[in-house]
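Asks: A structural model of the following input is requested.
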Amino acid sequence: MTPREILLQQHRKIEPRLDAVRREVLADLHRTESPRRSPSPAAARSWFGAGRWRFIALATAWLIVILLQVDLPDPIPALAHSDAALSTRQLTLNVRENRRQLFESLDLSTRAASGSDEPAPRSAVQPKLFNA
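Replies: Next up, the predicted model:
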């Protein structure tokens, strides 16, 4: 006998009691259930009204976000026009110095020594990053 057959045999023995329990539960549900009514227009209005207030709150939040984005001045042009802004020459020198320090730290002396701004072919560049 397979396990499935054993389970089905036990279920057949208990089936009349399970049917009685099902009937009792259904009878209790029918006794306590109130009669169904069609939805009134007031109930529909209250249901949609709650959604309307949520929509209004969401729209208001988006309007605030948009107004804050429009009203805030852009900080980048303010820095560019200030007296503390770097000249083009000074900025170029700073970039070159940073590049030199980067090449020095990565030990890319071949490109740094050449002084050209054009990159070398990939086959010619052999960084020594993974030396043991």
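Asks: ok, now how distant is residue 58 from residue 65?
Replies: Remark: distance between residue 58 and residue 65 (CB to CB, to the nearest Å) = 11 Å. Using the backbone N, CA and C atoms, a C-beta is placed for each residue, glycine as well.
Asks: To clarify, my last question referred to residue 105.
Replies: Using CB to CB, which is the criterion applied here, residue 105 is 43 Å from residue 65.
Asks: try residue 17
Replies: 63 Å.
Asks: And residue 16, by the same measure?
Replies: For residue 16, the distance to residue 65 equals 66 Å [CB to CB].
Asks: While we're on residue 49, how confident is the model there?
Replies: The predicted structure scores residue 49 at 67 on the pLDDT scale.
Asks: go on, residue 5?
Replies: Reading off the per-residue confidence, residue 5 sits at a pLDDT of 89.
Asks: Helix, strand, or coil at residue 123?
Replies: Three-state assignment for residue 123 (DSSP: H, G, I helix; E, B strand; the rest coil): coil.
Asks: residues near it, how many?
Replies: 6 (other CB atoms under 10 Å).
Asks: Show the backbone phi and psi for it.
Replies: Here the main-chain torsion angles of residue 123 (degrees, to the nearest 10) amount to phi -70, psi -20.
Asks: Could you check the pLDDT of it?
Replies: On pLDDT, residue 123 comes in at 74.
Asks: Kindly report the same for residue 80.
Replies: Looking at residue 80, its pLDDT is 56.
Asks: and what of the one 3 residues further on?
Replies: The predicted structure scores residue 83 at 50 on the pLDDT scale.
Asks: do residue 24 as well
Replies: 91.
Asks: Report the separation between it and residue 31.
Replies: In terms of CB to CB, residue 24 sits 11 Å off from residue 31.
Asks: and if you look at residue 96?
Replies: In this structure, residue 96 and residue 31 are separated by 90 Å, where distance is defined by CB to CB.
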